[in-house]
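K.L.:
sequence isn't available, so here's the structure alone:
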């Protein structure tokens, strides 16, 4: 995980998948993290972030996270997307 001039002061947090136990590092803006921990909604705090990043933030706060690798097999994959596309 590389830092740049924007992320140089951000917190480095580790998040563990509750299915496979893999650990991933994630950089978090400390001001936004405090707002989120204070009860703000994840999509309000990080409106520009990817869904995967927001899921990591939810996992950090809740203590429960499923990584992208485990998400599909353990939770049925994209079956809902397939139904919509048909």
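P.N.:
Structure's in. What do you need? For clarity, every value in this text was computed on a predicted model and none was experimentally measured.

K.L.:
show residues contacting stretch 14-21.
P.N.:
22-26, 56, 59-60, 64-67, 69-70, 74 (Cβ atoms under 8 Å, 6 or more residues apart in numbering). (C-beta placed from N, C-alpha, C; glycine too.)

K.L.:
helices of this structure, start to end?
P.N.:
30-37, 42-45, 51-62, 68-75, 79-85 (DSSP state H).

K.L.:
next, format those helices as a markdown table and append distance to residue 3.
P.N.:
Shown next, in a markdown table, are the helices of the chain (distance: least, Cβ to Cβ, whole Å):
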| stretch | distance to residue 3 |
| --- | --- |
| helix 30-37 | 14 |
| helix 42-45 | 20 |
| helix 51-62 | 16 |
| helix 68-75 | 22 |
| helix 79-85 | 34 |
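
K.L.:
could you dump these into TSV and include distance to residue 11 and mean neighbour count?
P.N.:
Shown next, in TSV, are these (distance: least, Cβ to Cβ, whole Å; neighbours: other Cβ atoms under 10 Å):
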stretch	distance to residue 11	mean neighbour count
helix 30-37	5	14
helix 42-45	14	14
helix 51-62	10	16
helix 68-75	21	13
helix 79-85	33	8
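
K.L.:
where does the chain dip in pLDDT?
P.N.:
Counting by pLDDT under 70, the chain contains low-confidence residues at 1, 73-86.

K.L.:
my read: residue 7 touches residue 28, true?
P.N.:
No - counting by Cβ atoms under 8 Å, residue 7 stays clear of residue 28, with 9.2 Å between them.

K.L.:
tell me which of the two has more neighbours.
P.N.:
Taking neighbours as other Cβ atoms under 10 Å, residue 7 and residue 28 compare with residue 28 leading, 19 against 14.

K.L.:
any idea what that one is bridged to?
P.N.:
residue 11 (DSSP bridges).

K.L.:
out of the helices of the chain, which comes closest to residue 13?
P.N.:
Checking the helices of the chain against residue 13 by Cβ to Cβ gives helix 51-62 as the closest, at 5.8 Å.
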